[in-house]
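[1] give me a model of this one.
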Amino acid sequence: MSFLAHPAEDRSAGTTLEAPAAGRHLLAGGTADDYRNSVTAGVGRVAARIAATERPFTGITPDRLAPAVDRIDLDRPLQDSTAALDELEEVYLRDAVYFHHPRYVAHLNCPVVIPAVVGEAVLSAVNSSLDTWDQSAGGTLIERRLVDWTTQRIGLGRAADGVFTSGGTQSNLQALLLAREEACRLAQKNSPTALRTSEILPRLRILASECSHFSITKSATLLGLGADAVISVPGDRNRRMQTVALTHELERCRRDGLIPMAVVATAGTTDFGSIDPLPEIAGLCEQYGTWMHVDAAYGCGLLVSRRRHLLNGIEHADSVTVDYHKSFFQPVSSSALLVRDTTTLRHATYHADYLNPERSAARIPNQVDKSMQTTRRFDALKLWMTLRVMGPEGIGELFDTVIDRTAEAWRMLGDDPRFEVVTEPQLSTLVFRYLPAGGAGAISPVLCDRANLHAREALFASGEAVVAGTVVDGRHYLKFTLLNPHTTLHDLTVVLDLLAGHASGYLANQARPDLSGPRAG
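    From the prediction side, this is the model:
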């Protein structure tokens, strides 16, 4: 059958136009069976690979894998999905890092729930673009309904609104864009003399915890404020922002004629999973007339958790970042920016006559009016399918499970003399390091750093498990980030034993005398 149900006609010449040969690869009415067969074959490959995966990684190195990719001639197509999938096995599927494996405990990557994967398949095939109503229709309404559902869970009020984004970095950038514009507007409104924006921008400051995400500083740079516009507020021993220090910095800004355009509170820091004291920060933001942004990219799963109280105070925020592709177990990408006042989203609004003319703004729901993006995927469908199949309680149960497991692991590490833990976790992240017999004082800090760095690298090279690393107070540490409910204490015990073995082996080699003899000059 032709890939077109009805071949096109060139009416001026009275002839039927032949479809190009490549047209058989287009998804259309006449190729629906090919689509079904090709996708089924692809799903079968992935399902077989996931079922057979015995470790999260193969240990492949870039120099070993790169030649296989480099020798593929992209100008000579295989013309067959089966052959392309065979090739993909070699260059991707075989050596991918598999987040579904219980001994992947590195970054904020989650195993994904099946209803969301079904949603991914649907949205990719239909290929709606969520910028305008005439490109998405029902997709627009589904995204808006999910935004309303999330703002209600947060408690932002009736005037709240939001939009889906590509991830937490984009959400934070847009939130700070809105904060910048609101700060400029208020400064001009309250000034006895006419102020130009160029006079205000150098005075703007963003206050964030020393443990906040790097995207805050990156956003300040992209917004023309510069990295120096971000004031780092110290954290306490639990790595939560110190409100006394925040008060001091807000007072200093006022004294020095600076404008605190935003305070960024974090609900789930990347390294420690710590949650800043949101009620106290909200009170200070109200007192000083400062925009409050909550980066809940990690901690947003608490919205459906039995630990919802840990987010108390988030309802006072002016803007909130949520990453469903972290603690809601969604495929990347699935994120959103939520705001208390829908009118603030106007700072991201631009009208184009061909797309979203201003004359239709009041009548037609065009999501591009709220977004920094134009063409945008229907990522909201994944969350919609998840809620319709599992419900919020199902998602919350998964997140609570990994938080419970992390608490158990913290107690286990506390009883293990081989390791030192930085702080008790609030969410599902543990930061720790290996210590030799005799404790930290038994070897130099530099050698201890090297042992922990080696342990992580050697474990990754083996493929037996994947852990993360970070720096705390200038020293190198290891990190567990648990987002897999199937990870057991036994899994973590095995990983700890492997880490200790690699670290102790490294130290033993360093202590061994060099028997190679003098080298020739």
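
[2] in stretch 62-77, which residues are buried?
    When burial is assessed from 16 or more other Cβ atoms under 10 Å, stretch 62-77 yields the following buried residues: residue 65. The C-beta positions use only the backbone N, C-alpha and C, and glycine is treated the same way.

[3] hmm, who's touching that stretch?
    87, 90, 91, 95 (Cβ atoms under 8 Å, 6 or more residues apart in numbering).

[4] where along the chain do the strands fall?
    For the chain, applying DSSP state E gives strands covering 9-10, 15-16, 104-105, 161-165, 204-209, 230-233, 259-266, 291-296, 319-323, 335-339, 419-421, 429-434, 466-472, 475-481.

[5] save the ones you listed as a markdown table, and put in distance to residue 194 too.
    Converted to a markdown table, the strands of the chain look like this (distance: least, Cβ to Cβ, whole Å):
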| stretch | distance to residue 194 |
| --- | --- |
| strand 9-10 | 63 |
| strand 15-16 | 68 |
| strand 104-105 | 56 |
| strand 161-165 | 31 |
| strand 204-209 | 18 |
| strand 230-233 | 28 |
| strand 259-266 | 16 |
| strand 291-296 | 23 |
| strand 319-323 | 28 |
| strand 335-339 | 28 |
| strand 419-421 | 56 |
| strand 429-434 | 49 |
| strand 466-472 | 47 |
| strand 475-481 | 50 |
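
[6] out of those, which comes closest to residue 182?
    Residue 182 sits nearest to strand 291-296 of all the strands of the chain, at 6.1 Å, using Cβ to Cβ.

[7] on that earlier part again, can I get the contacts of stretch 62-77 in TSV including distance to residue 334?
    Formatted as TSV, those follow (distance: Cβ to Cβ, whole Å):
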residue	distance to residue 334
87	29
90	30
91	26
95	25
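
[8] pick the one among those residues closest to residue 351.
    Nearest to residue 351 among these, counting by Cβ to Cβ, is residue 91 at 43.9 Å.

[9] what's in contact with stretch 202-211?
    176, 179-180, 183-184, 187, 216, 220, 225, 229-235, 239-241, 246, 249-250, 253, 257-266, 269-272, 274, 276, 290.

[10] returning to what we had before: most neighbours of all the contacts of stretch 62-77, which one?
    Neighbour counts for the contacts of stretch 62-77 (other Cβ atoms under 10 Å) peak at residue 95, which has 18 neighbours.

[11] shouldn't it be in contact with residue 61?
    No - at 9.8 Å, residue 95 and residue 61 do not qualify as touching, with contact defined as Cβ atoms under 8 Å.

[12] and the end-to-end length of stretch 349-356?
    10 Å (Cα to Cα, to the nearest Å).

[13] one more: stretch 73-80?
    Using Cα to Cα, one end of stretch 73-80 lies 15 Å from the other.

[14] then stretch 105-114?
    20 Å.

[15] kindly report the same for stretch 381-395.
    16 Å.

[16] need the helices for the stretch 101-250 of the chain, in chain order.
    Using DSSP state H, counting those that start in this stretch, the helices assigned to the stretch 101-250 of the chain run over residues 114-126, 133-136, 138-154, 168-190, 197-200, 215-222, 243-255.

[17] out of those, the one nearest residue 48 is which?
    Nearest of those to residue 48, taken as Cβ to Cβ: helix 114-126 at 15.4 Å.

[18] point out where the stretch 251-400 of the chain drops to low pLDDT.
    By pLDDT under 70, the stretch 251-400 of the chain has no low-scoring segment.

[19] out of the strands of the chain, which is the most enclosed?
    Burial of the strands of the chain is given as mean neighbour count (mean count of other Cβ atoms under 10 Å); strand 319-323 ranks first at a mean of 30.

[20] let me see the residues that make contact with that one.
    108, 150, 154, 156, 167-168, 171-172, 175, 178-179, 291-298, 300, 303, 314, 334-340, 344.

[21] partners of that strand, with directions?
    Within its sheet, strand 319-323 is paired with strand 291-296 (parallel), strand 335-339 (antiparallel), according to DSSP bridges.

[22] ok now the longest one, how far from the chain's centre?
    Using Cα atoms, centre = their mean, to the nearest Å, the distance from the centre of strand 291-296 to the centre of the chain it belongs to is 16 Å.

[23] likewise stretch 438-449?
    Relative to its chain's centre, stretch 438-449 lies at 34 Å (Cα atoms, centre = their mean).

[24] with stretch 140-148 instead?
    That offset, for stretch 140-148, works out to 20 Å (Cα atoms, centre = their mean).

[25] how about residues contacting it?
    So stretch 140-148 is contacted by 130, 133, 160-164, 336, 338, 365-367, 378, 380-381, 383-384, 387 (Cβ under 8 Å, 6+ apart).

[26] distance check, the residue nearest to residue 197 when sequence neighbours are not counted against residue 257.
    Nearest non-adjacent residue to residue 197, counting by Cβ to Cβ, 6 or more residues apart in numbering: residue 184, 5.4 Å away. To residue 257, residue 184 is 15 Å away according to Cβ to Cβ, to the nearest Å.

[27] which one's more surrounded, those two?
    Using other Cβ under 10 Å as the criterion, residue 184 and residue 257 rank with residue 184 on top: 21 against 7.

[28] where does the protein dip in pLDDT?
    For the chain, the stretches flagged by pLDDT under 70 are 1-17, 513-521.

[29] do that again at 90, thanks
    Judged by pLDDT under 90, the chain has its weakly predicted residues at 1-23, 79, 133, 190-194, 349-364, 437-443, 511-521.

[30] before we move on, the earlier item: what's the closest of the helices of the stretch 101-250 of the chain to residue 411?
    Nearest of the helices of the stretch 101-250 of the chain to residue 411, taken as Cβ to Cβ: helix 243-255 at 28.9 Å.

[31] for the closest one, list the C-alpha coordinates in CSV.
    Output in CSV follows, covering the C-alpha atoms of helix 243-255 (Å, rounded to 0.1, in the frame of the first residue of the first chain):
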residue,chain,number,x,y,z
THR,A,243,17.9,32.4,58.6
VAL,A,244,20.0,34.5,61.0
ALA,A,245,22.6,34.8,58.2
LEU,A,246,19.8,35.5,55.7
THR,A,247,18.5,38.3,57.8
HIS,A,248,22.0,39.7,58.1
GLU,A,249,22.4,39.7,54.3
LEU,A,250,19.0,41.3,53.7
GLU,A,251,19.9,44.0,56.1
ARG,A,252,23.3,44.5,54.4
CYS,A,253,21.6,44.9,51.1
ARG,A,254,19.3,47.5,52.5
ARG,A,255,22.2,49.4,54.1
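
[32] including distance to residue 65, could the strands paired with strand 319-323 go into CSV?
    Shown next, in CSV, are the strands paired with strand 319-323 (distance: least, Cβ to Cβ, whole Å):
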stretch, distance to residue 65
strand 291-296, 34
strand 335-339, 29
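
[33] among these, which is nearest residue 456?
    Closest to residue 456 of the strands paired with strand 319-323 is strand 291-296 (Cβ to Cβ; 26.2 Å).

[34] give me the contacts around that closest one.
    Strand 291-296 is contacted from outside by 168, 172, 175-176, 178-179, 182-183, 212-213, 216, 261-268, 278, 281-282, 285, 302, 311, 314, 316-322, using Cβ under 8 Å, 6+ apart.

[35] hmm, residue 379 is touching residue 328, no?
    No - Residue 379 is beyond contact range of residue 328, at 11.7 Å (criterion: Cβ under 8 Å).

[36] what is the burial count for residue 61?
    10.

[37] again but with residue 501, I slipped
    14.

[38] against residue 487, how distant is it?
    20 Å.
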